[in-house]
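Trainee: need coordinates for the below:
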Amino acid sequence: MTQIISDDDLAALAAPTRDSSHEVSPSSLLEVEFEALMYMLRDGVTALSRPAVTSRLTRLSDVQFWQAVARLTRVSPSNEKPWKPSEIRSLAGDRSLDR
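Mentor: Residues are numbered from 1 along each chain as shown. Next up is the predicted model:
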């Protein structure tokens, strides 16, 4: 059974609150940004032509970059087609692939 939310309920949900227990920590924001990037990269190397993708890539730390590489190069339910080494080089751009 679908429950319909009234306009008043929706407005209450969208209204800013002063309750600090719902604030997002900086580390949570970084995680959200990382996951957003990973979602965008699901389209493959063609995603690298989008400004939003390149902007997020430049903000990755080295650790996050290598986490992204690890996820992109293995098969998983969200990544049915692992990236090839040539595609990872495109992802790296000016970043060194030496560890």
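
Trainee: name the helix or strand for the residue lying closest to Leu30 once chain neighbours are set aside, please.
Mentor: The spatial neighbour of Leu30 that comes closest, neighbours along the chain excluded (Cβ to Cβ, 6 or more residues apart in numbering), is Gln64 at 7.8 Å. Just so you know, the C-beta spots here come from the backbone N, C-alpha and C atoms, and that holds for glycine as well. For Gln64, the element it lies in under DSSP states H and E is helix 62-72.

Trainee: quick one: the helices in the chain, in order.
Mentor: 7-14, 26-40, 51-58, 62-72, 85-92 (DSSP state H).

Trainee: which of these sits closest to Asn79?
Mentor: Of all these, helix 62-72 sits nearest to Asn79, with 6.5 Å by Cβ to Cβ.

Trainee: run through the neighbouring helices and strands of the closest one.
Mentor: Under the contact criterion of 3 or more Cβ pairs under 8 Å, 6 or more residues apart in numbering; DSSP states H and E, helix 62-72 touches helix 26-40, helix 85-92.

Trainee: any low-confidence regions in the chain?
Mentor: Scanning the chain for pLDDT under 70 picks out 1-29, 99.
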